[in-house]
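> whatever this is, show me its structure:
(chains A and B)
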Amino acid sequence: MGTSRRKFLKFMVTAAGSAAVAGKGKAAHGHFTGYEKANAVLFDATLCVGCRSCEAACNEVNQLPEPEKSFTDLSVLNEKRRTDEKTYTVVNRYDDVHHVKSPVFRKMQCNHCQEPACASACFVGAFTKTPEGAVIYNPSVCVGCRYCLIACPFNIPAYEYYEPLTPRVMKCTMCYPRIKEGKLPGCVEACPMEALSFGKRDDMITIAKERIRKYPDRYIDHVYGENEMGGTNWLYITGAPFEDIGLRTDLGVTPAPEFTSGALAMVPIVIGMWPVLLGGIYVINRRKDQLAHKEKVDSVKAAINETEATANDKMKKAEERFKKQREMAVETAVKKALVDAEKQSGKEEDK
Amino acid sequence: MKAYLPETAKKRSLFSPFNIFAGIVIIMGLVLTFLRFTKGLGGVSNLDHTNPWGLWIGFDLLTGVALAAGGYVTAAAVEIFRFDKYHSAVRPAILTGFLGYALVVFALTYDVGQPWRLPYPFFVSQGVTSVMFEVGACVALYLTVLFLEFSPAALEWLGLEKAHRWAVRMTMVLTILGVMLSTLHQSSLGAMYLLVPSKLHPLWYSPYLPVFFFVSSIAAGLSMVIFESTMAHRKFHDMMDENHLKHANEVTLGFGRAAALVLAGYFAIKVFGVALGNHWDLLFTGYGIWFLVEMLGFVLLPVFLFAVGVRDRNIKLIKFTAVITVLGIVLNRLNISLICFNYHLPADERYFPHWMEIGISVFVVTVGLLVYKFIVTRMPILFEHPQYPQEH
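Now for the predicted structure:
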C-alpha cells in the first residue's frame, strides 16, 4: 500500500512514468522488507565495556569537532547523553538494570531503519536509504524544518542550532563512504571487545540468534531491530531488559511511512471530489435562487397584468357609460332643440 | 491612479497608544531578528535536538493556520451555500485569512534553518512522501488564492477598474479552490503528527488526527469571524457603513449557531477517537484530567453556551463563547505540538519557550495588526466603496 501511494504521488508531481519507480523496490506485493544485499551492524551489550573507543573513532573518521572532554575521560558516562551535532554516537551506562549484573553499556547512533521515518518526513527528500543499508543525508537541499528530528522514534538526528546561515542535520552515516570502499564503519573497526559486528543483515540476524541459542542464560530472547519500526539495520542483543537500557519496546513493528500513507491517499480524493461536491452545491443553490427569483418576477408580472386588465375593464365601462351619457345628452339636446323649434315656429305662426 | 482615502480615516491620529506600543515591539523584533540570523536558532530559542519544534510551530504555524480558517469558512457560506445575509462578513474574513497565512509564512522564515530555501520542495527536490510537502504546497497555493480573493478590495482602493472586473469574475472558482486547499492543509497539519505515535500522548494521538484538525478549523474560523468583528466594532466602528452595521448581529447569530453544531460534531468524533484507541483508563491520569479540561471546558461548554446564546438571541454571550472557543483551539494545538508531545520524557528534557521566542511571536502578531489597521482604514473592507456598490 505504501509503495503504490508513493508511486502515485511521484507520478503526479514529476510526471515521470511509474515504471521507473516500480523497478526500485523488490517488493511488488505487500510491504518492503529491506534491500537484499543490505548491511547491518550487530551490537552485543554483553560484550561492551564502555571504553568509548567507538566514539573516538567515529569522531575521527567523520572529522567532527574536538569534544570538550577527551574520549579517554570516562566520567562523561555518569550522565545520560544523546547524539548531538558534534557526536554521531554515544555510549551510555545503565546502572539500574534488572536480571543482570550492572552496569550495562549501550551504544547509541542512527539505527538506519529499513523504511526510515526521517526519509518519509522530509519534504525535500534529503534522506536516502541506500541499497547498502545506510540512511544518508544530503545537506544541499535541506531547508532546516527539523521534521526529521520530530519523526525519528529513536531521537537520533541532531541539528546545528548555533549555525546561523547554513545549519545542517547531523547523524551517523554508517560510514557510507567507507562501506563503498569496502572498509568497516569506524566504530566497528575500533571496538576492542568485538561488541560490534558488521556484515549482511540476514547474516547478522543469524549470528544474533545463534548467540542467543547458545547462551540462553546470557541473553533475552529477542533481536532488537529485527522488526522494530519495520526493521532496522542496526541490531541489538542484551541480557538486560531493553527498556532498562533506553531502547523502547512500545514502538511496534509498523514502518513509519505507513502511519501517514492513509492520510496521503486521501489527497487525490479531495482534489477530485471537492470541486464536484462544492460546485454541485453551488449550482443547486444558484438554481434555487434563480427559481425563486423567476417565481417572484412571474408573480409580480401576473399581478401587474391582472391589475392592468381590471383597470382596462373599468376604463372601458367608464368610456361606455360616458358615451351613453353623451348620446343621451345629444338626444335630449336634439329633442329640446326640436321642441324649441316647434315653439318658435308656433310663435311665428301666431304673428 | 489615485488611491482612495475615506473621510473618516483622515480623522485618525498617527500617534495613538497602540501605534506607540507597536513601534516599541517592532524595534524589539528587529533586534531579535538580527540575533536570530547572526547567532542561529540556538541563540534565541530553547529548541534542542529532542524538542525541535517550539512556540513558533505550535503557536505561529499550527494555531495561526487554524485561526485563519475564517476566510474559507465565510467565503464558502456566502459564495457556495449562498447565505447572502453574511455578505458583509466576507471581506473582513478574507482579509484576516490572507494576513493570517502571510504571517504564518513570515514566522516560518524565523523557524526554518535556511528560509531562502523554502521554494526548494517545489522547484529543486520534491519530497512527495512527506505530509509536510502537501502542507507546504497547499499553504503556498492557498496564500495565492487568498491574495486573489482579497484583490478586488485593493483594486477598488487603487481605482483599477479593468483588473477589478477580472478579479470579481474569478470569485467562484477561487472560493472552491480555497475550500479544497484548506481541507487539505488544515487536515494535513494534523496528519503531520500521525508519524509520531511514540511521542504524542495517546489521548491526543489518533488516526483521526487529520479529521480532528479539519473539523476544529471550521469551528475556529467561525469563532474568529465573531471575535474579529467584536474587536473591529470596538476599534474601527467609524470605518463601517450602514450595511455592515445592519448585518453584524445577524452574522454573529448565524455563525454562533453554526459553531454550536460543528463543535458538537467535533466533540462526538473526539469521543470516538478515545473509544477507538480504548484509552478510557487514561482519562483518570494527570494527562487525562488535562484532556477533560480541554474537551469539557473548551469544547462541550462552548457548544452549550453557543446554543443558549442563539436561542435567547444573546449577542454578548455568543461573542464571549467565541473567545472561549478560540482559546480552546489555541490550547488544542499547543497540547499536540508542545504540552503533550514528548510526554514520556523527564521534565528536564522537556521544552519551555525562551522569552526571545515569545518576543518574536509578539512581533509577528503586531506586524499583522499594523497591516490590518493600515488596510481597513483605507480599503473598502468594512464599508462599500462609493463607486463599486453591491460588489461584496
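
> quick one, longest helix in the chain?
Defaulting to chain A. helix A:257-350 (DSSP state H).

> other chain: chain B
Assigned via DSSP H, chain B shows its longest helix as helix B:242-277.

> quick one: the helix or strand just after it near chain A?
Downstream of helix B:242-277, the next assigned helix or strand under DSSP states H and E is helix B:286-292. No: judged by CB under 8 Å from any CB of the partner chain, helix B:286-292 makes no contact with chain A; its nearest approach is 16.0 Å. To be clear about C-beta, it is placed using only N, CA and C from the backbone, and glycine gets the same treatment.

> list the buried residues for the longest helix of chain B?
B:243-244, B:247-248, B:251-260, B:262-264, B:266-267, B:270, B:273-274, B:277 (16 or more other CB atoms under 10 Å in any protein chain shown).

> for whichever helix or strand residue B:162 is part of, buried residues please.
Here residue B:162, judged by DSSP H and E, is contained in helix B:161-169. Neighbour-count burial for helix B:161-169 flags B:164, B:167 (criterion: 16+ other CB under 10 Å).

> next SSE downstream of it?
helix B:171-191.

> and the helix or strand just after that following helix, what's its mean pLDDT?
Where DSSP H and E defines the elements, the next helix or strand beyond helix B:171-191 is helix B:209-235. Computed over helix B:209-235, the mean pLDDT rounds to 93.

> then stretch A:137-147?
96.

> list the buried residues of it.
Of all the residues in stretch A:137-147, those buried under the rule 16+ other CB under 10 Å are A:137, A:141, A:142, A:143, A:144, A:145, A:146, A:147.

> hmm, it in reach of chain B?
Yes: counting by CB under 8 Å from any CB, chain B has neighbours in stretch A:137-147: A:141, A:142, A:143, A:144, A:145, A:146, A:147.

> on the three-state scheme, the fourth one is what?
Under the three-state scheme (DSSP: H, G, I helix; E, B strand; the rest coil), residue A:144 adopts coil.

> quick one: residue A:150 and chain B, what's the gap?
6 Å (CB to the nearest CB, to the nearest Å).

> check which helix or strand that residue maps to.
Going by DSSP H and E, residue A:150 is in helix A:147-151.

> same deal with residue A:173?
For residue A:173, there is no enclosing helix or strand under DSSP H and E.

> gap between the residue nearest to residue B:266 when sequence neighbours are not counted and residue B:252?
The shortest distance from residue B:266 to any non-neighbouring residue, by CB to CB, 6 or more residues apart in numbering or on different chains, is to residue B:215 (4.8 Å). Per CB to CB, to the nearest Å, residue B:215 is found 21 Å from residue B:252.

> ditto for residue A:35
60 Å.

> not counting sequence-adjacent ones, nearest residue to residue B:168?
Per CB to CB, 6+ apart, closest to residue B:168 is residue B:152, 5.4 Å.

> if you could redo that for residue B:71, that was the one I meant.
Leaving out its chain neighbours, residue B:71 is closest to residue B:97 (CB to CB, 6+ apart), at 2.2 Å.

> residue A:121 against residue A:149, yeah?
No: Residue A:121 is not in contact with residue A:149 according to CB atoms under 8 Å; the separation is 9.2 Å.

> who has more neighbours, these two?
Of the pair residue A:121 and residue A:149, residue A:121 is the one with more neighbours under other CB atoms under 10 Å in any protein chain shown, namely 28 against 23.

> how about the contacts made by that one?
If you count contacts by CB atoms under 8 Å, 6 or more residues apart in numbering or on different chains, residue A:121 has them with A:147, A:148, A:150, A:151, A:256, B:130, B:131, B:132, B:195.

> against residue A:179, how distant is the residue in chain B positioned nearest to chain A?
Proximity of chain B to chain A (CB to the nearest CB) peaks at residue B:113, 2.0 Å away. According to CB to CB, residue B:113 stands 28 Å off from residue A:179.

> over to residue A:292?
74 Å.

> spatially nearest residue to the closest residue to chain B within the stretch 101-250 of chain A (excluding sequence neighbours)?
Chain B sits closest to residue A:144 of the stretch 101-250 of chain A, with a gap of 2.0 Å, by CB to the nearest CB. Leaving aside its sequence neighbours, residue A:144 sits nearest to residue B:113 (CB to CB, 6+ apart; 2.0 Å).

> pretty sure that neighbour contacts residue A:159?
Yes: taking CB under 8 Å as the definition, residue B:113 is a contact partner of residue A:159 at 7.4 Å.

> which of the two has more neighbours?
Counted by other CB under 10 Å, residue B:113 and residue A:159 do not tie: residue A:159 has more neighbours, with 26 against 22.

> bridged to that one, which residues?
Beta-bridge pairing of residue A:159, defined through DSSP bridges, involves residue A:169.

> hang on, it packs against residue A:152?
No: taking contacts as CB under 8 Å, residue A:159 lies outside contact range of residue A:152: 11.6 Å.

> for residue B:364, give me its contacts.
Going by CB under 8 Å, 6+ apart, residue B:364 touches B:29, B:60, B:103, B:106, B:107.

> just the pLDDT for the fourth one.
Think residue B:106. At residue B:106, pLDDT is 96.

> what about it, how many residues close to it?
17.

> which residues of the stretch 251-392 of chain B score low on pLDDT?
Applying pLDDT under 70 to the stretch 251-392 of chain B flags residues B:389-392.

> show me the helices in the stretch 51-200 of chain A, by range?
A:53-61, A:117-121, A:147-151, A:176-180, A:186-190 (DSSP state H, counting those that start in this stretch).

> taking the buried residues of stretch A:137-147 together, which two end up most distant?
The largest separation in the buried residues of stretch A:137-147, counting by CB to CB, is between A:141 and A:146 at 14.6 Å.

> give me the contact list for stretch B:49-62.
Under the contact criterion CB under 8 Å, 6+ apart, stretch B:49-62 has outside partners A:82-85, A:146, A:149-150, A:155, A:157-159, B:45-47, B:103-104, B:107-108, B:110-111, B:189, B:330, B:333-334, B:336-338, B:341-342, B:345, B:349-351, B:353, B:357-358, B:360-361, B:364.

> please apply the same query to stretch B:190-197.
Applying CB under 8 Å, 6+ apart, the set of residues contacting stretch B:190-197 from outside is A:117, A:120-121, A:147, A:150-151, A:153, A:252, A:256, A:259-260, A:263-264, B:131-132, B:134-135, B:200, B:205, B:207, B:209-214, B:336-337, B:341.

> and with 6 Å instead?
Residues outside stretch B:190-197 that contact it (CB atoms under 6 Å, 6 or more residues apart in numbering or on different chains): A:121, A:151, A:256, A:259-260, A:263, B:131, B:200, B:205, B:209-210, B:212-213, B:336.
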